[in-house]
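In: Sequence and predicted model, in that order:
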Amino acid sequence: MSKVKLWLMQVRLPFLVLTPISVLLGASVAVYEGYEIEGLSMGLAFLGALLAHIAVNVFNEYFDYRSGVDFRTRRTPFSGGSGVLTEGLLKPRSVYILGLVCVAAIIGIGAYFFTRHGALIIPLGIVGLLNVYFYTSVLTRSPLVCAIAPGLGFGPLMVMGTYFALTGTYSLASGLASLVPFFLVSNLLLLNQFPDVEADASVKRRHLPIAVGRRRSAGVYTLLVVATYVALLVSALVEVLPYMALLGLLTLPLGFAAVKGALRYYDQIDNLIPVLGRNVLLVLLCPLLMAIGIIAS
């Protein structure tokens with residue numbers, strides 16, 4: 001296997017498609033509000049978001065390897081790691097260094113936007129960096145923080161961060177738009193934790209499926225799906241986002257199917273795996289359709 005393919009496996013290339021969708025959603029709000037999109041700012045915003053996603057993926061793999069949890073998990077297409085480190089295909093130190101290089105580059109991009117737009121970027125940057133580096137090693141030990149952190153990264157941090165990079169300010173519209181990926185991505189990680197409960201508990205993690213069980217966590221999953229569509233509807237009804245953003249509602253049948261599957265198969269991992277796939281499609285399609293609708297407006 002070539003080194004390039006190994007590194008693409010390590011950074012979890014198929015999962016990186018979530019980043020351009022979150023960035024597009026932030027940019028779509030800026031377009032809707034009449035801002036001109038500058039190529040350099042757009043490119044750097046996307047690069048920073050992509051590097052953050054790569055960094056969190058490789059740190060996750062590295063710290064899971066160090067804790068030994070990836071040797072105990074059952075790998076699925078959506079959870080359990082890439083297997084690159086557990087199979088000895090790359091050196092752990094090299095993977096960790098890649099994560100640090102990504103963080104250094106993110107800081108450099110943040111410094112550019114600081115010089116251009118001012119100090120309002122600092123809180124967003126600090127929270128983002130802490131989220132990237134400490135998610136696996138620290139944040140997964142608190143059920144509430146672990147549940148919020150993924151959605152925070154791909155919702156408010158990434159969507160509003162892109163908007164800020166393009167406009168130099170924040171807006172209510174970008175904040176409300178960011179709630180959709182906030183709920184969906186938190187749900188993505190929540191459901192993906194179901195197959196790993198026993199393995200994660202063995203290394204003293206304490207996410208929701210460990211703390212309250214899979215059945216109650218399936219109920220939380222359901223509430224977050226409902227919250228996603230409520231946030232989208234309210235944002236359009238109060239005319240902060242255009243009605244065309246409601247294109248995201250086309251994913252309702254997919255959301256219903258994912259909820260039905262989670263509530264039915266929460267404790268049957270083999271049957272749950274197709275539900276994980278439907279959940280991934282929901283997470284990708286809903287904000288993508290929203291962004292398309294907002295730009296079309």
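Out: Yes, it's here. Numbers count the residues shown, from 1 in each chain.

In: What is the burial count for Met42?
Out: A total of 16 residues lie near Met42 under the criterion other Cβ atoms under 10 Å. The way it works is simple: take the backbone N, C-alpha and C, and place the C-beta from them, glycine included.

In: show me where this protein has helices.
Out: With DSSP state H as the criterion, the chain has helices at 3-10, 18-32, 39-67, 92-117, 121-134, 143-152, 161-167, 172-192, 197-202, 208-211, 214-237, 252-265, 269-296.

In: Now the second one: buried residues?
Out: Counting neighbours by 16 or more other Cβ atoms under 10 Å, one finds that the buried residues in helix 18-32 are 18-32.

In: Output the helices of the chain as CSV; include the columns distance to Ala245.
Out: Written out in CSV, the entries for those read as follows (distance: least, Cβ to Cβ, whole Å):
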stretch, distance to Ala245
helix 3-10, 33
helix 18-32, 9
helix 39-67, 20
helix 92-117, 26
helix 121-134, 23
helix 143-152, 18
helix 161-167, 15
helix 172-192, 7
helix 197-202, 36
helix 208-211, 29
helix 214-237, 5
helix 252-265, 14
helix 269-296, 5
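
In: now the ones you listed as CSV including mean pLDDT?
Out: Output for these, formatted as CSV (pLDDT from 0 to 100):
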stretch, mean pLDDT
helix 3-10, 90
helix 18-32, 98
helix 39-67, 95
helix 92-117, 97
helix 121-134, 96
helix 143-152, 95
helix 161-167, 97
helix 172-192, 97
helix 197-202, 89
helix 208-211, 95
helix 214-237, 97
helix 252-265, 97
helix 269-296, 96
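
In: and of those helices, who's closest to Val84?
Out: helix 3-10 (4.8 Å; Cβ to Cβ).

In: tell me what the closest one is packed against?
Out: helix 39-67, helix 92-117 (3 or more Cβ pairs under 8 Å, 6 or more residues apart in numbering; DSSP states H and E).

In: For the shortest one, what is the distance to the chain centroid?
Out: Here helix 92-117 shows a centroid-to-chain-centroid distance of 18 Å under the convention Cα atoms, centre = their mean, to the nearest Å.

In: could you give the angle of it to helix 3-10?
Out: Here the directions of helix 92-117 and helix 3-10 differ by 70 degrees (axes from the mean of the first three to the mean of the last three Cα atoms, to 10 degrees).

In: Show me what counts as buried in helix 92-117.
Out: 95-96, 98-99, 102-103, 105-106, 109-110, 113, 117.

In: Okay, angle between that helix and helix 39-67 too, please.
Out: Relative orientation of helix 92-117 and helix 39-67, computed by the same axes, to 10 degrees: 150 degrees.

In: List the residues that contact Leu189.
Out: Counting by Cβ atoms under 8 Å, 6 or more residues apart in numbering, Leu189 touches 146-147, 150.

In: Quick one, which of these are buried?
Out: Neighbour counting with 16+ other Cβ under 10 Å marks 146-147, 150 as buried within the contacts of Leu189.

In: if we can go back for a sec, considering the buried residues of helix 18-32, which is situated nearest to Thr73?
Out: The closest of those to Thr73 turns out to be Leu18 (Cβ to Cβ; 21.2 Å).

In: does that closest one really touch Val185, like I thought?
Out: Yes - at 7.2 Å, Leu18 counts as touching Val185 under the criterion of Cβ atoms under 8 Å.

In: Overlap in contacts, the two.
Out: Listed as contacting both Leu18 and Val185 by Cβ under 8 Å, 6+ apart are 154, 283.

In: picking up where we left off before, just curious, which of the buried ones among the contacts of Leu189 is nearest to Ser202?
Out: For the buried ones among the contacts of Leu189, the closest approach to Ser202 (Cβ to Cβ) belongs to Cys146, at 16.3 Å.

In: Would you confirm that the closest one contacts Ser137?
Out: No - using Cβ under 8 Å, Cys146 is not in contact with Ser137; the gap is 11.6 Å.

In: contacting residues for the residue nearest in space to the middle of the chain?
Out: Nearest to the geometric centre of the chain sits Phe154, at 4.2 Å (Cα atoms, centre = their mean). Applying Cβ under 8 Å, 6+ apart, one finds that Phe154 lies in contact with 18-19, 22, 181-182, 185.

In: of all those, which two lie farthest apart?
Out: Thr19 and Phe182 (15.0 Å).

In: Sort out which one of the buried ones among the contacts of Leu189 lies nearest Leu208 for me.
Out: Ala147 (5.4 Å).

In: ok so, going back, any idea how far Lys3 is from the residue nearest to the centre of the chain?
Out: For Phe154, the distance to Lys3 (Cβ to Cβ, to the nearest Å) stands at 29 Å.

In: and what of Ala291?
Out: For Ala291, the distance to Lys3 (Cβ to Cβ) stands at 35 Å.
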